[in-house]
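Student: Sequence and predicted model, in that order:
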Amino acid sequence: MHFSLNKGEHKFILGELDFMDDVGKKVYHATRESALHENYTIFQGENKLAFMKHKIHLGGYSFEVQDGSGVAVGELHCKLHKGRVGEYWYTDQQDNIQAVVSWEGVLKFTLSDPGFSRIYAEASLDLPGGIIGDLKALGNRQSAVFIPYSSALPLSVILSFCVAIANMP
């Protein structure tokens, strides 16, 4: 599956994320709900798969992840580091850490359990077509993500990680 950050109708204000399968068909879509808040809704076709409610914290931010019916299932935490990629982790409703992001440089990450014994997803930046393509990919945050069919982490949570990372400053 591939995902890319696109400039929405209101260029530079609303971000949209498209998740494409290997043949280029849009499978999931995330859209920013407002220019004032970084809340995102994730859709599968016309069906609401998840909602990400943005919260600002000292040194970072988080998203309350809700299922398609609006029930909170956990929280995705993002802590940014100056000059480096950020830390990302997901906690369930009982505040237990369920998933963490491990970075390999700035272009690849793995989403796994805290002990790194189960991999839920792997992602890397696509760099198609030489320097021009590479710069375009960097600017649009075009990425490829591999999600094993046997992933124990809900798809809505994996897609929420992708949305948060694609919108990293």
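Tutor: On my side now, so go ahead.

Student: Which parts of the protein are helices?
Tutor: Counting by DSSP state H, the segments of the chain that form helices are 130-140, 155-166.

Student: Out of these, name the one with the poorest average pLDDT.
Tutor: Among these, helix 130-140 has the lowest mean pLDDT, at a mean of 50.

Student: what about this protein, any weak spots by pLDDT?
Tutor: Residues of the chain that meet the criterion pLDDT under 70 lie in 1-15, 82-85, 105-107, 125-146, 148-150, 167-169.

Student: So which residue is dead centre in this structure?
Tutor: Geometric centre of the chain, nearest residue: Cys162, 1.6 Å, by Cα atoms, centre = their mean.

Student: From Tyr40, how far out is it?
Tutor: Counting by Cβ to Cβ, to the nearest Å, the separation of Cys162 from Tyr40 is 11 Å. No exception for glycine: its C-beta is placed from N, CA and C like everyone else's.

Student: do Ser62 as well
Tutor: Counting by Cβ to Cβ, the gap from Ser62 to Tyr40 is 13 Å.

Student: Now for these two: what residues contact both?
Tutor: His54 (Cβ atoms under 8 Å, 6 or more residues apart in numbering).

Student: higher neighbour count, these two?
Tutor: More neighbours surround Tyr40 than the other of Ser62 and Tyr40, with 24 against 21 (other Cβ atoms under 10 Å).

Student: if I read this right, that one contacts His29, doesn't it?
Tutor: No - shown here, Tyr40 and His29 do not form a contact pair, counting by Cβ atoms under 8 Å, at 10.2 Å.

Student: How about the contacts made by Gly24?
Tutor: Not one residue lies near Gly24 by Cβ under 8 Å, 6+ apart.

Student: So that it lines up with my notes, have the first residue be 17 from now on.
Tutor: Okay, using 17 as the starting number, the last item reads as Gly40.

Student: Okay, strands next: where are they in this protein?
Tutor: Taking DSSP state E, the strands of the chain run over residues 18-23, 31-36, 42-48, 56-60, 63-73, 76-83, 88-97, 100-108, 113-120, 124-128, 135-141, 159-162.

Student: and the second one with helix 171-182, angle?
Tutor: Pointing back at strand 31-36 there. 130 degrees (axes from the mean of the first three to the mean of the last three Cα atoms, to 10 degrees).

Student: All good on my end, thank you.
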